[in-house]
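*Asks:* build the 3D model from these lines:
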Amino acid sequence: MGVSQSSIFNSRPIIGGERPRAYRTPGSLPSSSPNSAPHFAPSSALPDWGLIQQAIAGDATALEQLFKGHATRLYRTALGVLRNKEDAEDALQDCWLRACTNLKNFEGRSSLSTG
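*Replies:* Residues are numbered from 1 along each chain as shown. Below is the predicted model:
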């Protein structure tokens, strides 16, 4: 009737009556120090990563491709929130101006559309 040690150490804690969906052992978390270099996503991690790198380097065609790939979705979102065509167009323009200005700071830890 005894409980084996392996079942004790491998069991997941129950929080709020439910087991957590993802459980990591303490040693499985990535370690990062405050002074470590930022993590940049490889080209396979994000579909736009190659275009982003080209746009940062000054390639206007890459920047145009990024815009064309995301403009429709961003416009629809802005229109849904603002309920005015002209305001949505202005918001889209402001969005891309800020994105272009800050593109060099994009680290690839999220999608460009959520970053």
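
*Asks:* which strand or helix spans the closest residue in space to A62 that isn't next to it in sequence?
*Replies:* Taking Cβ to Cβ, 6 or more residues apart in numbering, and ignoring the residues beside it in sequence, A62 has Q54 as its nearest neighbour in space, at 3.6 Å. In short, each C-beta sits where N, CA and C put it, glycine included. Taking DSSP states H and E as the criterion, Q54 maps to helix 49-56.

*Asks:* and that helix, what's buried?
*Replies:* Residues of helix 49-56 classed as buried: 49, 51-55 (neighbour count, 16 or more other Cβ atoms under 10 Å).

*Asks:* thinking again about what came up before, can you verify my assumption that the residue nearest to A62 contacts L66?
*Replies:* No. With contact defined as Cβ atoms under 8 Å, Q54 and L66 do not form a contacting pair (9.1 Å).

*Asks:* other SSEs contacting the helix or strand T101 falls within?
*Replies:* Using DSSP H and E, T101 sits in helix 85-102. In terms of contacts (3 or more Cβ pairs under 8 Å, 6 or more residues apart in numbering; DSSP states H and E), helix 85-102 is packed against helix 60-82.

*Asks:* for the helix it packs on, give the mean pLDDT please.
*Replies:* Averaged over helix 60-82, pLDDT sits at 95.
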